[in-house]
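J.: sequence-free structure coming up:
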């Protein structure tokens, strides 16, 4: 699978407002290789949190990217700045798979996937309109950039049972929070390399580690090492900001068999 090339940009799916303003889920936006839509369910809680998901349907043989595909590829982007009474949106990601297409090694999904979203409504008692600008890549032998503008009114059908079930299933499929017996910790770090140890509850044979860059960091694919009975992953730092961000960290997912956990590592 090749990364998105300049020539492929001519295949960009037309930017489309999908879903009438009175719907709490949008229509599917069609693209070569798949479809995408936005869904919400329920009403904002006392803190203004509203549940939703970005629903990505892939045709057989097509793939899409994790939050950080790796050295090639384009991570999904999700912008709600044009919305009314919506301050922010947090997108979560199920555990990805590692793919080697002969051109690059990257992280993503070879199946349809739903990305849970927590919308933060600024004034929970007031009407809110969501206008999301979404950009994803879906790939077969080449990658097709898909740009969709998705608009909905979350108050129009908040009790839709199908929407609620879909969002619940997507949330349940997320990696759990890392814990002392299942997670990673930093062993060493310098300007160019980060080394972490994976702590696993069972057989380490199938363990895979995914670390996302961002905030000025660009990271190479983690390389597995076995040393003194420990499972280690080294990550080359390809680029970094001039100063560490004041808050936050690098998102990681650790997969072992059918289980996975997620967490944050301090910025190196």
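T.: On my side now, so go ahead. Small disclaimer: the values here were computed from a predicted structure and weren't measured.
J.: Quote the end-to-end distance of stretch 78-89.
T.: Criterion CA to CA, to the nearest Å; first-to-last residue distance in stretch 78-89 is 8 Å.
J.: for that stretch, which positions count as buried?
T.: Judged by neighbour count using 16 or more other CB atoms under 10 Å, the buried positions of stretch 78-89 are 78, 80, 83, 85, 86, 89. No exception for glycine: its C-beta is placed from N, CA and C like everyone else's.
J.: Of the residues you listed, which is the nearest to residue 206?
T.: The shortest approach to residue 206 among these belongs to residue 78, at 30.5 Å (CB to CB).
J.: what are the bridge partners for the closest one, then?
T.: Under the criterion DSSP bridges, residue 78 forms beta bridges with residue 134.
J.: give the contact list for it.
T.: Residue 78 is in contact with 54, 89, 91, 117, 132, 133, 134, counting by CB atoms under 8 Å, 6 or more residues apart in numbering.
J.: Surely the second one is in a strand?
T.: What that stands for is residue 89. Yes - the assignment for residue 89 by DSSP: H, G, I helix; E, B strand; the rest coil puts it in a strand.
J.: Leaving aside the residues adjacent along the chain, what's closest to it?
T.: Leaving aside its sequence neighbours, residue 89 sits nearest to residue 80 (CB to CB, 6 or more residues apart in numbering; 4.6 Å).
J.: okay if I get the contacts of residue 78 as JSON lines plus distance to residue 161?
T.: Output for those, formatted as JSON lines (distance: CB to CB, whole Å):
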{"residue": "54", "distance to residue 161": "20"}
{"residue": "89", "distance to residue 161": "23"}
{"residue": "91", "distance to residue 161": "24"}
{"residue": "117", "distance to residue 161": "19"}
{"residue": "132", "distance to residue 161": "23"}
{"residue": "133", "distance to residue 161": "29"}
{"residue": "134", "distance to residue 161": "25"}
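J.: just the buried residues of stretch 78-89 now: which is nearest residue 50?
T.: For the buried residues of stretch 78-89, the minimum distance to residue 50 (CB to CB) is 8.3 Å, reached by residue 86.
J.: I'd assumed residue 130 was in contact with the closest one.
T.: Yes - with contact defined as CB atoms under 8 Å, residue 86 reaches residue 130; the gap is 5.8 Å.
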